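A.B. asks: All I have is the shape, not the residue letters:
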């Protein structure tokens, strides 16, 4: 699940970090379709136009030491959506 999105994120990590630092981004395929202040807002806004499971959420942390922590899928406490 989310192979294309994860590959895009990995290959563009530094560019995404520069552009979206401190934001939660929504990725579909190889395109960022939204940037929000937090994962909860990203999810709530995106499910208005996309079905759950059809988009990938990523945090772009402010602290560069945290920049590479979010490389594994996990279940979020917010409505149990998968965060890849």
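C.D. replies: Perfect, I can see it now. On a predicted model such as this, the values are computed, not experimentally measured, just so you know.
A.B. asks: quick one, helices of the chain?
C.D. replies: Per DSSP state H, the chain carries helices over the ranges 3-11, 13-20, 39-46.
A.B. asks: what inclination does the first one have with respect to helix 13-20?
C.D. replies: Counting by axes from the mean of the first three to the mean of the last three CA atoms, to 10 degrees, helix 3-11 points 80 degrees away from the direction of helix 13-20.
A.B. asks: Show me what counts as buried in helix 3-11.
C.D. replies: Neighbour-count burial for helix 3-11 flags 5, 6, 8, 9 (criterion: 16 or more other CB atoms under 10 Å). No exception for glycine: its C-beta is placed from N, CA and C like everyone else's.
A.B. asks: With respect to residue 57, which of those residues is nearest?
C.D. replies: For the buried residues of helix 3-11, the residue nearest residue 57 by CB to CB is residue 5; the value is 9.4 Å.
A.B. asks: Got the confidence number for the nearest residue to the closest one once chain neighbours are set aside?
C.D. replies: What sits nearest to residue 5 in space, not counting adjacent residues and going by CB to CB, 6 or more residues apart in numbering, is residue 56, at 3.7 Å. pLDDT, residue 56: 96.
A.B. asks: Which strand residues bridge residue 56?
C.D. replies: For residue 56, the beta-bridge partners under DSSP bridges are residue 27.
A.B. asks: I'd like the numbering to begin with 868 instead of 1 from here.
C.D. replies: In the new numbering, first residue 868, that becomes residue 923.
A.B. asks: any idea which helix or strand of the protein has the worst average confidence?
C.D. replies: strand 941-942 (a mean of 41; mean pLDDT, DSSP states H and E).
A.B. asks: just for this protein, where's the confidence low?
C.D. replies: 931-951 (pLDDT under 70).
A.B. asks: Looking at the helices of the chain, which is nearest to residue 897?
C.D. replies: Each of the helices of the chain has some distance to residue 897 by CB to CB; the shortest is helix 870-878, at 4.2 Å.
A.B. asks: which other helices and strands contact that closest one?
C.D. replies: Secondary-structure packing of helix 870-878 (3 or more CB pairs under 8 Å, 6 or more residues apart in numbering; DSSP states H and E): strand 891-895, strand 923-926.
A.B. asks: angle of it against strand 891-895?
C.D. replies: Between helix 870-878 and strand 891-895, the angle comes out at 130 degrees (the same axes, to 10 degrees).
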